[in-house]
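> could you look at this predicted model? Sequence included:
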Amino acid sequence: MSTATASFTLDSWDEDEWQQTPDGMKFSRASVTKTYSGELEGTSRAQFLFAYGKGGAGYVGHEVIEVSIGGSKGSFMLQHQAVGLMSDEEGGAEWHIVPGTGTEGLAGIQGTATMRKLEDGSHTFTLNYELLDEIV
């Protein structure tokens, strides 16, 4: 298993509420773009669905990442799923590479990614991955 670490910046966050309940819960969807820098260099675009409750939230979504990692260039898709308290100043999540989504030099990629939001508001990203000759 190989590891690549990077930071990322949120380039855009376009979130639209589509429903709010009488008791204060709401649902929204967001289109997001990011730029990664570090051992993993490139950009991404994502679509997320959010559910907000009283003091908590959860989301699911997919992110297409177009990057260069350790001399290999290509893209792959991450599947996101996370829940947490909105009062958390720091937080994190673990995501999974969707099997069969690797392209070019990243064909056959599999693994997981973790994101950590730091106290200063910045984000770190760690990708634990393998490049297989074929998907099993």
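Received it, and whenever you're ready, just let me know what you need. None of the values given here were measured: they were computed from a predicted structure. Residues are numbered from 1 along each chain as shown.

> packing partners of the helix or strand bottoming out on mean pLDDT in the chain?
Least confident element among the helices and strands of the chain, by mean pLDDT, DSSP states H and E: strand 91-97 (a mean of 82). Judged by 3 or more CB pairs under 8 Å, 6 or more residues apart in numbering; DSSP states H and E, strand 91-97 is in contact with strand 72-85, strand 109-117. Quick note: C-beta positions are derived from backbone N, CA and C, even for glycine.

> next, the buried residues of that strand.
For strand 91-97, a neighbour-count test (16 or more other CB atoms under 10 Å) marks 95, 97 as buried.

> now that strand and strand 109-117, what's the angle there?
170 degrees (axes from the mean of the first three to the mean of the last three CA atoms, to 10 degrees).

> which outside residues touch strand 91-97?
For strand 91-97, the external contacting residues (CB atoms under 8 Å, 6 or more residues apart in numbering) are 63, 76-82, 84, 109-117, 129.

> swap in stretch 44-55?
8, 15, 24-34, 36, 57-67, 80, 85-87.

> returning to what we had before: hey, C-alpha coordinates of the least confident helix or strand of the chain in PDB?
Provided in PDB are the C-alpha atoms of strand 91-97 (Å, rounded to 0.1, in the frame of the first residue of the first chain):
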ATOM      1  CA  GLY A  91     -13.200  16.900  12.100                       C
ATOM      2  CA  GLY A  92     -12.500  14.300   9.600                       C
ATOM      3  CA  ALA A  93     -13.900  11.700   7.300                       C
ATOM      4  CA  GLU A  94     -12.800   8.500   5.500                       C
ATOM      5  CA  TRP A  95     -13.800   7.900   1.800                       C
ATOM      6  CA  HIS A  96     -13.400   5.000  -0.600                       C
ATOM      7  CA  ILE A  97     -12.100   4.800  -4.100                       C
END
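
> show me where this structure has strands.
2-20, 26-38, 40-52, 56-69, 72-85, 91-97, 109-117, 123-131 (DSSP state E).

> in its sheet, what does the second one sit against?
Here strand 26-38 has these sheet partners by DSSP bridges: strand 2-20 (antiparallel), strand 40-52 (antiparallel).
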